[in-house]
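Novice: For reference, the sequence and a predicted model appear below.
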Amino acid sequence: LQMRGGGYADVLPVLQVPDNKADAVPCERLQLRNYEYMPIQMTTTIIARTPPVTSVEEIDFSHNFCVNYNRRHASPLPIQLLSHEELNTVKDLRKIAKTPVIFLILGKEMVFSPLAFQRLPELLLQGHWDAVAPVYSESVFENQQAFLPVVYQNFRGFLEIAGLFHQAHDAKLQAVEEVDPISIVVRRDALEKLPPGLLLEEIGDSLIKTGGQIGIAKDILVHRFGDYYGSIRTDLLELIPDTARRILDVGCARGATGRFLKKKQDCHLTGVEINPVLAEKAKQWYDRVIVESIEEASFDSSFDAILCGDVIEHLRHPHPVLSKLANHLEPGGVIIGSTPNAGHWSIVLDLAQGYFEYIPVGLQCVSHIRWFTESSLRELLEENGLNVEVIQRDCPPATPTGEGFITTLVKMGMGNESSLRTAELRFLARRGPAR
């Protein structure tokens, strides 16, 4: 291959010339734009749309977190960050990107592995595809929803599973008739077939409708954060007594859990949410929403049940809050909640290796300021007049690294296997006699 100044490759036929030159077959010099063998820096432009700033700490942190991770993983390629106003249509994309391959990221909260940034452009150039896309940890498109045998809790775990996922799946692309618009790797010449004013989210569908070929890389896993503030805590709802009529939901977010609860049983539902944007969404489902920190909130009534799903780890002063909530329970009333387990293997392993990283959501969420194990959780509840009746342990399968770490610690007599395997603790505690 002889590289030309324009960045293309000349592929020259290699002929075995007979001794008798009269028998030689004449051949024209073949010129081919063969991008497959060119460095990725010469073929690919990575462009990401910057999300708007919100008033939710974890969401804004997540946006920056994903950008920083993707920049490291894409290196040596840079990522161009553009606003929605700068990057909205096919015309905008053509103007900005001049390379044969365009790696377009429109989703807000996604982390690509180094393997994804390398392999997706390669796969696109190896066949007659107009565009390719990965699979995701979260997707509403069935053909791009990854099904993982184990659960990772942080991004060291994600990279481990992404590598194993790649090894376990066929590297061939699978043709599809629909594609998740949050990210797509597309040939620039395929964009020439599309209307200039076409929205970028419609590239995939438009290519398919015009006869284009889009392939899904079933071996390339991308992490996508789910809608943490719109999730329904069915695991906690199962613990609410059917007889509870006055219920308090602390940290109600957008109100998805309350909406479900209202359908489940007849009750008067009060929510507490510190973020006014989230609280406004919840008001359509709740009888009352108090827009305030639970540490500052006051109540003029008592409750049969109080929900505290992933709340106590966010509190500066959990003891007085638990005491206040216990005092606002009816006799025999219950507090139902959950909290991450600080003794989970992923945290213990990181600390043992001198590493700790805050993440947008999960065990090491950036807004966690208190940490509990099962024993310290029991102490917190009991010291505030609550009798612990139920402790449930959420124990998702560990990654291979996690399994090895747990086995080693337990064999050495230096680890509690139940604690190491527990990612989250759920509890039901009942108000005891007045003190």
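Specialist: Thanks, I have the structure now.

Novice: CA atoms for contacts and neighbours, from now on please.
Specialist: Noted.

Novice: For the residue nearest to the spatial centre of the chain, which non-adjacent residue is closest in space?
Specialist: To find the centre residue of the chain, average its C-alpha atoms and take the closest one (C-alpha atoms, centre = their mean): that gives residue 225, at 2.1 Å. Excluding the flanking residues, the one nearest residue 225 by C-alpha to C-alpha, 6 or more residues apart in numbering is residue 109, at 5.8 Å.

Novice: picking up where we left off before, residue contacts, the residue nearest to the centre of the chain?
Specialist: Contacts for residue 225 were tallied using C-alpha atoms under 8 Å, 6 or more residues apart in numbering; they are 109, 110, 137, 138.

Novice: now swap in residue 362 and tell me
Specialist: For residue 362, the residues meeting the contact criterion (C-alpha under 8 Å, 6+ apart) are 153, 154, 340.

Novice: let's go with 7 Å and repeat that
Specialist: Taking C-alpha atoms under 7 Å, 6 or more residues apart in numbering as the criterion, residue 362 is in contact with residue 153.

Novice: Could you pull up phi and psi at it?
Specialist: Reported as degrees, to the nearest 10, the phi and psi values for residue 362 are phi 120, psi -160.

Novice: measure it to residue 347 for me?
Specialist: When C-alpha to C-alpha, to the nearest Å is applied, the distance between residue 362 and residue 347 equals 11 Å.

Novice: picking up where we left off before, I figured the residue nearest to residue 225 hits residue 64, correct?
Specialist: No. In this structure, residue 109 sits apart from residue 64 without contact. The criterion is C-alpha atoms under 7 Å, and the distance is 9.0 Å.

Novice: between the two, who's got more neighbours?
Specialist: When residue 109 and residue 64 are compared on other C-alpha atoms under 10 Å, the one with more neighbours turns out to be residue 109, at 22 against 16.

Novice: And the more buried one, its phi and psi?
Specialist: phi -130, psi 80.

Novice: For it, which residues are in contact?
Specialist: Contact criterion C-alpha under 7 Å, 6+ apart gives 62, 63, 66, 224, 225 as the residues in contact with residue 109.

Novice: do residue 162 as well
Specialist: Counted by C-alpha under 7 Å, 6+ apart, residue 162 has contacts residue 221.

Novice: Name the SS class of it, please.
Specialist: Following DSSP: H, G, I helix; E, B strand; the rest coil, we place residue 162 in the helix state.

Novice: Now do the same for it: its pLDDT.
Specialist: You'll see residue 162 listed with a pLDDT of 96.

Novice: for the one 4 residues further on, same thing?
Specialist: Predicted confidence (pLDDT) at residue 166: the value is 95.

Novice: thought it was touching residue 219?
Specialist: Yes. With contact defined as C-alpha under 7 Å, residue 166 reaches residue 219; the gap is 4.4 Å.

Novice: of those two, who's got more company?
Specialist: A direct count of neighbours by other C-alpha under 10 Å for residue 166 and residue 219 places residue 219 higher, at 23 against 17.

Novice: and the more buried one, that one's in a strand?
Specialist: Yes. Counting by three-state DSSP, residue 219 is found in a strand.

Novice: Pipe the contacts of residue 109 into TSV and attach pLDDT per row.
Specialist: What follows is the contacts of residue 109, written out as TSV (pLDDT from 0 to 100):
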residue	pLDDT
62	91
63	92
66	95
224	95
225	91
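
Novice: Restricted to helices, list those.
Specialist: Counting by DSSP state H, the members of those that fall within helices are 62, 63, 66.

Novice: neighbours around the second one, how many?
Specialist: Using other C-alpha under 10 Å as the criterion, residue 63 is surrounded by 20 other residues.

Novice: Same check on residue 430?
Specialist: Summarising burial for residue 430: neighbours were counted as other C-alpha under 10 Å, giving 23.

Novice: Now do it against residue 234, distance only.
Specialist: The span separating residue 430 from residue 234 equals 20 Å under the rule C-alpha to C-alpha.

Novice: ok, now residue 263?
Specialist: Going from residue 263 to residue 234 by C-alpha to C-alpha gives 12 Å.

Novice: measure stretch 257-270 end to end?
Specialist: Using C-alpha to C-alpha, one end of stretch 257-270 lies 12 Å from the other.

Novice: Please, which helix or strand holds the closest residue to residue 345 other than its chain neighbours?
Specialist: On the basis of C-alpha to C-alpha, 6+ apart, the spatially nearest residue to residue 345 that is not a chain neighbour turns out to be residue 420, at 4.6 Å. When elements are defined using DSSP states H and E, residue 420 is found to belong to helix 417-421.

Novice: what residues does that helix touch?
Specialist: In contact with helix 417-421 (C-alpha under 7 Å, 6+ apart) are residues 343, 344, 345, 395, 406, 410.

Novice: Name the nearest residue to the fourth one, ignoring sequence neighbours.
Specialist: Computed as C-alpha to C-alpha, 6+ apart, the closest residue to residue 395 that is not its neighbour in sequence is residue 422, at 4.6 Å.

Novice: That neighbour: how many residues sit nearby?
Specialist: Counted with other C-alpha under 10 Å, residues neighbouring residue 422 total 23.

Novice: repeat for residue 190
Specialist: 17.

Novice: just residue 62 next, same as before
Specialist: That count, for residue 62 with other C-alpha under 10 Å as the rule, works out to 21.

Novice: quick one: contacts of stretch 329-348?
Specialist: Under the criterion C-alpha under 7 Å, 6+ apart, residues 153, 236, 302-310, 312-313, 363, 371-373, 402, 406, 419-431 lie in contact with stretch 329-348.

Novice: Mind checking which of these are in helices?
Specialist: 236, 402, 406, 419, 420, 421.

Novice: and which of the residues you listed is nearest to residue 197?
Specialist: Comparing these against residue 197 with C-alpha to C-alpha picks out residue 236 as the nearest, at 47.1 Å.

Novice: tell me the contacts of residue 276?
Specialist: Counted by C-alpha under 7 Å, 6+ apart, residue 276 has contacts residue 291.
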